[in-house]
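> Return a 3D structure for these sequence lines:
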Amino acid sequence: MSDADAIQRTFVMLKPDALERGLVGEIISRLERKGLKLVRMETRMISKELAAKHYPHLAQEPFYPKIEAFVTRGPVVASIWEGRDAVRFVRRLVGAIDPAVAEPGTIRGDLAYSYTENLVHASDSPESAAKEIANFFGSDV
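Next up, the predicted model:
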């Protein structure tokens, strides 16, 4: 079996704007219709500490306070998804970070309208998926 055929788990977080705009069901449906399996889901608030742990690569950037304020302003939906080559597959479904260049048919291409408030986070590698799942759900998942 090749790596692309391997069953993987990945982390997906629906950001506060997805909840505020009532898009949670739409986004989850898109993932399910593509054959991904929802393993676990939880609605929660993110603390400043968890935001810093989730975005360590951005914590020293001058724009980080805006990201922190955004992800801590309201609840998020943290979730674990499973499927063949799930990390790469989900990233393709989510689309480019900037909705202005995200392909039509992707979640961001169809539904997002702001670079900062772009609805969803999806892990970018199996390693980051494992770390993010542990950050949000603990290491025994």
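> what's near enough to touch the residue positioned nearest the centre of the chain?
Centroid check for the chain by CA atoms, centre = their mean gives residue 121 as the closest residue, at 2.4 Å. Taking CB atoms under 8 Å, 6 or more residues apart in numbering as the contact definition, residue 121 lies against 11, 12, 13, 15, 54. All C-beta atoms are positioned from the backbone trio N, CA, C, and that covers glycine.
> All the strands of this protein, residue numbers only.
For the chain, applying DSSP state E gives strands covering 7-14, 37-44, 76-84, 120-122.
> where in the chain is pLDDT low?
1-4 (pLDDT under 70).
> what about the helices in it?
Under the criterion DSSP state H, the chain contains helices at 16-20, 24-33, 48-54, 64-71, 86-94, 107-111, 126-137.
> ok, back up a step: from residue 58, how far out is the residue nearest to the centre of the chain?
12 Å (CB to CB, to the nearest Å).
> same deal with residue 35?
When residue 35 is compared with residue 58 (using CB to CB), they lie 32 Å apart.
> before we move on, what about residue 39?
Remark: distance between residue 39 and residue 58 (CB to CB) = 27 Å.
> Also residue 51?
Distance of residue 51 to residue 58, computed by CB to CB: 10 Å.
> Tell me how many other residues crowd residue 110.
15 (other CB atoms under 10 Å).
> Spit out the contact partners of it.
residue 104.
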